[in-house]
Structures are given as C-alpha cells and as structure tokens.
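**Student:** When you get a sec, could you give me coordinates for this:
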Amino acid sequence: MAILKHISSKNADYGDAEKYLTFEHDEFTMKPTLDADGRLIPRTDYRISSLNCDGEDFAVACMRSNLRYGKNQKREDVKSHHYIISFDPRDGPDNGLTVDRAQELGEKFCAEHFPGHQALVCTHPDGHNHTENIHVHIVINSLRIAQVPMLPHMDRPADRRAGCKHRCTDAAMNYLKAEVMEMCHSEGLYQIDLLNGSKERVSDREYWAQKKGQAALDERNAPMIAGGIAPRTTKFETDKAKLRRTIRDALSKATSLDEFSSLLLREGVTVKESRGRLSYLTPDRSKPITARKLGDDFDRTAVLSMLEQNAARAAEKAAAIPEYPASIKERLQRTKPAKSAPKNDGVQRMVDIAAKKAEGKGRGYEKWATMHNLKQMAATLAAYQQYGFSSPEELDEALTAAHADMQESLSGLKALEATISDKKELQRNLLSYISTKPARDGLKAQKSDKARRAYREQHESDFIIAEAATRYFREHGIKKLPSRKALQEEIQTLTVQKNAGYNDYREKHERVRQLQTVKGNIDQILRREPSQQKKHEQER
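**Tutor:** Prediction:
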C-alpha cells in the first residue's frame with residue numbers, strides 16, 4: 001500500500017536536500033556516509049528530475065526566487081516541504097511497478113498537486129530499513145513562483161498567488177492522501193485507506209526511537225551472545241509500545257469499562273475520559289497520552305466495541321457448558337479435528353511440454369518443465385483438496401460463482417468510479433466559478449455600460465471561465481451550488497468506499513485466477529491419465 005508522509009524544513013541550504021537524495025546517509029543521524037578517504041558515497045540506484053527550475057540547479061533556482069520575492073530570509077521560515085510516497089514492497093513483483101514508472105508517477109503527481117513550485121522529484125528502489133519498497137521523494141520550495149489554479153484544499157487567496165508560500169494543512173494532507181489512493185487505484189497497485197487513521201499510530205519520533213533503542217540493545221547483547229549467553233531481552237520497546245501492549249492485555253480480559261480501568265490500574269495506568277475521548281496516564285508521566293496518539297484501536301469506540309464482544313463471548317461460553325461433562329475416556333476417544341490446510345496461492349500453470357518442444361525448446365528446458373509440472377501437480381492436488389472439491393464439475397461451478405462475484409464487485413467499483421468522476425467534474429467547475437468571483441464582483445461595481453464593456457474586455461478570460469461553469473450548472477440542473485468543503489468531504493468518503501471496493505475486487509479477481517489455474521492444471525492432468533494408464537498396461 002502506498003503511504004504519504006510530510007516533513008517541513010527550515011534549512012536554508014537547498015543543496016542539502018539534493019545531497020540527501022543522491023548520496024548515502026546514516027539512517028540514525030541523517031549525516032552523509034563517507035568512504036575511507038572522507039568522500040561522499042553516491043547512492044547506487046535512483047532517478048531524479050527537477051520541475052520549474054528553468055534549467056538551473058534546484059538550489060540556485062530556489063535562492064533566486066526567494067530573493068526576487070523577499071521570502072524565506074528569516075531563520076524561522078519554513079524553506080522547503082518534503083513529501084514521501086512509499087509504495088508497497090509487493091507492488092514490484094506482483095504489479096510490475098518499476099523505479100522508472102514510480103518516477104513518472106511522482107513527476108505527474110508533483111506537477112498536478114504542487115503547481116507553481118520549484119521541485120525535486122527523486123525515486124529510490126529501497127528504503128533505509130531494506131524493505132525493498134520503491135518510494136518517491138518530492139521536495140518543493142515553500143515559495144510559489146507562479147499564479148496557479150484553485151485546488152480543493154485551498155481556502156485563502158494567498159494559496160494561489162505567486163510570491164506566497166505553501167501551507168500543509170490538515171485539509172491539504174487529506175486531499176493529497178485521497179489523490180495518492182486514486183493514483184494507486186488507477187495503476188492497479190496495493191492500497192489501504194489513508195483517510196481513516198490506523199490501528200497503531202507510530203510517529204516518526206517513536207519510529208526512530210525504536211530503531212535507535214533496538215540498535216543499542218543489539219550492541220549490548222552482542223558480547224553475551226558471543227559468549228554463549230542468551231540475553232534476557234532481545235526486542236526493544238518504546239514507552240508507547242509498552243503501553244499499547246498493556247492496554248491490549250487488559251482489553252483481552254475485561255468485559256466492562258470499569259473492569260478494563262481496574263485491570264490497567266493494577267499495572268499503574270490510569271484511564272481518563274474527557275469529552276468522549278480516552279487517554280492513558282502512566283506513572284512516569286504527568287500528562288496523559290491520548291488514544292489518538294496511540295492509534296484507532298485505543299479510542300473509546302474501539303474499546304467499547306471490544307468489551308461488548310468479550311461480554312458476548314463470555315455469555316455464550318457460560319451457556320454452552322453441558323449439564324454432564326464428558327468423561328476422560330470419551331475425551332480421549334474423540335477424533336482430533338483435521339488441521340485446515342494453509343492458504344495456497346502459489347499454484348502456477350503447468351507447461352505443455354510437447355508444444356514447447358515443437359517450438360524448438362531443448363532438453364534442458366524439457367528437464368526443467370518436467371520438474372516444474374511435478375511440483376505444480378502436487379500443489380494443484382493440494383489446492384483441489386483444500387477447496388473441498390470432489391469432482392471437476394464442482395470446480396467448474398465454483399469458478400462460475402467466483403467469476404460472478406468478481407463481476408458484481410467490478411460493477412460496483414465502476415459505479416463508484418463514475419460517481420467520483422462526476423463529483424470531481426462538478427468540483428472543477430465549482431472551483432473555477434469561485435475563482436472568478438473578484439472579477440464578477442468588479443463588474444457589478446461598474447456604473448456605466450461603457451465601463452462595464454471595458455471591464456469585461458480587460459477580464460475576458462475570467463468571464464469565459466465563469467460562463468463555462470454557469471453553462472455546466474445549467475445543463476446538469478444545479479440551481480444551488482454546494483459547499484466546496486462539503487463536496488470535498490463527499491469525494492473523500494466516496495474514495496474510502498472505492499478503496500474498500502477496489503481491495504474486494506482484487507481479492508475476488510485473485511480467487512478467480514487461482515481457480516482458473518487449478519482448473520487448467522486439473523484438465524491437463526486428466527488428459528494425461530489415459531495415456532499413462534495405457535503405458536502401464538503395455539509394460540505389463
């Protein structure tokens with residue numbers, strides 16, 4: 001899944017941003033890594049490009065613009081904004097995402113959502129933690145050098161003007177997250193819901209505290225491990241991680257809020273509730289940690305839901321106790337339930353060796369294909385049993401039903417896409433109409449026909465845009481214009497629904513693909529069985 005992160009920087013040396021993108025840096029100190037001769041070590045693989053720099057170096061172009069508009073001259077000014085789009089590690093092998101394609105997506109995203117800003121776009125094939133996730137860095141000068149169209153998150157005239165600065169508000173981040181989700185949907189990449197928080201919310205500070213703590217713990221444990229002594233602790237936990245674990249332990253046992261609070265109090269954690277929100281106070285702190293900082297699993301709604309589930313399970317368990325318990329002999333004679341087979345999604349199509357030999361494949365390929373077919377035959381039979389099929393006809397029926405489910409999911413997804421497209425078209429026209437309001441108000445202020453004609457000629461482009469938007473509203477029967485904030489929230493809600501439908505469709509499509517593979521292999525096995533039987537009869 002792609003995620004979006006934002007970092008603001010007050011560093012006046014724009015060259016440091018480019019240096020970070022193109023040279024190796026220490027993941028803890030963020031200082032450049034030097035070789036034995038004290039020279040910077042270039043990154044082994046990356047793609048980098050600049051936007052709106054007119055052929056100049058990014059740092060030079062940014063400093064020229066800052067001097068031109070007299071901005072970013074103070075120490076406390078935010079000089080640049082750094083956005084990172086990190087793709088799922090599975091997108092490479094499963095969905096064909098490459099570094100070059102990610103770079104193209106990053107450049108397009110930057111041009112569409114940060115217009116008028118000088119920018120660097122750089123793609124790395126791997127993260128500093130070696131998760132093999134392709135990620136795109138977008139670094140923009142906080143100063144805008146050109147007038148830009150109004151975007152949905154802009155709520156001030158200065159958000160469009162040249163010579164004004166970029167603002168990363170909550171509305172802007174939500175808009176950008178929704179656009180990242182839409183980008184991944186259109187590219188067929190893995191994606192999660194970025195707009196409704198996360199079960200465990202880990203900040204950058206906590207992430208790096210955990211990394212540094214783990215490194216220090218490993219360093220302390222190294223002499224003991226070398227001496228054959230097993231360390232008592234091998235995994236470092238931050239204070240928030242320990243608190244999450246403590247809360248989860250209490251949640252797994254409690255059936256009411258009072259019991260939950262009592263269990264936590266035994267561990268020294270006090271539960272506080274204010275305005276319908278929970279917070280947790282540990283003994284070493286004077287200020288409680290809010291549930292929002294820990295994650296969505298720890299807020300009041302999630303906690304009450306878990307407690308209700310625990311209470312329901314406890315009631316069912318009490319009701320299910322038999323009047324006369326089974327004897328030891330009966331328990332010993334009971335047959336153990338068969339273990340469910342693990343999910344097998346690695347079945348591949350078997351190779352038609354005869355057809356490949358006819359194409360000119362040699363003995364080496366034939367040997368590989370024979371071994372491949374044997375492995376896939378075993379995997380296919382295991383999957384066949386796992387699904388519980390007793391005949392090829394049942395497999396055909398299951399495939400037909402799975403295909404129907406996939407088509408139903410696809411039709412729902414396409415309906416959502418059409419609705420979002422219509423809403424975005426309405427949003428574009430609404431923003432265009434709103435952006436022409438100063439020109440329209442200026443026309444009303446003119447006193448004579450001559451002055452109005454001159455004013456319209458002077459602002460002809462604004463009136464053409466306004467008339468086009470008015471024509472769109474009239475053609476679609478829109479008499480009362482919606483609030484742009486409400487419209488954006490509706491689009492984001494639809495995007496969340498689309499993301500759920502998108503993932504549901506991907507799961508059903510994958511099931512159809514698995515069943516098709518199993519069916520193709522079963523058909524191939526059954527076609528070969530008669531010839532194998534004849535061969536055995538001839539040998540006898």
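
**Student:** Quick check: can you list the domain ranges of this structure?
**Tutor:** What automatic domain parsing lists as the domains of the chain is 3-196, 205-319, 401-514.

**Student:** Buried deepest among these, which one?
**Tutor:** For the domains of the chain, the largest average neighbour count (mean count of other C-beta atoms under 10 Å) is found in domain 3-196, namely a mean of 17. All C-beta atoms are positioned from the backbone trio N, CA, C, and that covers glycine.

**Student:** so how far is that one from its chain's centroid?
**Tutor:** Offset of domain 3-196 from its chain centre (C-alpha atoms, centre = their mean, to the nearest Å): 17 Å.

**Student:** nearest spatial neighbour of residue 22, skipping sequence neighbours?
**Tutor:** Leaving out its chain neighbours, the residue that sits closest to residue 22 by C-beta to C-beta, 6 or more residues apart in numbering is residue 43, at 6.0 Å.

**Student:** From residue 204, how far out is the one you found?
**Tutor:** Distance, residue 43 to residue 204, using C-beta to C-beta, to the nearest Å: 21 Å.

**Student:** And the helices in the stretch 351-500 of the chain, which stretches?
**Tutor:** 353-358, 363-387, 392-435, 437-444, 449-458, 460-475, 484-539 (DSSP state H, counting those that start in this stretch).

**Student:** Give the buried residues for the second one.
**Tutor:** Along helix 363-387, the positions that meet the burial threshold by neighbour count (16 or more other C-beta atoms under 10 Å) are 365, 369, 372-373, 376-377, 379-380, 383-384, 387.

**Student:** what ranges of the stretch 351-500 of the chain fall below the confidence cut-off?
**Tutor:** Residues of the stretch 351-500 of the chain meeting the criterion pLDDT under 70: none.

**Student:** What's the biggest strand in this structure, counting residues?
**Tutor:** In terms of residue count, the longest strand belonging to the chain (DSSP state E) is strand 135-144.

**Student:** elements contacting that strand?
**Tutor:** Packed against strand 135-144 by the contact rule (3 or more C-beta pairs under 8 Å, 6 or more residues apart in numbering; DSSP states H and E) you find helix 15-22, helix 58-69, strand 80-86, helix 99-113, strand 117-124.

**Student:** okay but the residue nearest to residue 22 is in contact with residue 19, surely?
**Tutor:** No: contact status for residue 43 versus residue 19: not in contact, 10.6 Å apart, counting by C-beta atoms under 8 Å.

**Student:** Mind pulling the model confidence for residue 321?
**Tutor:** Looking at residue 321, its pLDDT reads 55.

**Student:** With residue 215 instead?
**Tutor:** Looking at residue 215, the pLDDT reads 86.

**Student:** now it, what's its secondary structure?
**Tutor:** helix (DSSP: H, G, I helix; E, B strand; the rest coil).

**Student:** That one - nearest residue in space that isn't next to it in sequence?
**Tutor:** residue 28 (7.1 Å).

**Student:** Quickly note the distance from that neighbour to residue 239.
**Tutor:** 19 Å.

**Student:** hang on, the earlier thing: mind giving me JSON lines with the helices of the stretch 351-500 of the chain and columns for distance to residue 180?
**Tutor:** Shown next, in JSON lines, are those (distance: least, C-beta to C-beta, whole Å):
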{"stretch": "helix 353-358", "distance to residue 180": "43"}
{"stretch": "helix 363-387", "distance to residue 180": "35"}
{"stretch": "helix 392-435", "distance to residue 180": "15"}
{"stretch": "helix 437-444", "distance to residue 180": "30"}
{"stretch": "helix 449-458", "distance to residue 180": "40"}
{"stretch": "helix 460-475", "distance to residue 180": "28"}
{"stretch": "helix 484-539", "distance to residue 180": "10"}
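
**Student:** Of all those helices, which one is nearest residue 303?
**Tutor:** helix 484-539 (22.6 Å; C-beta to C-beta).
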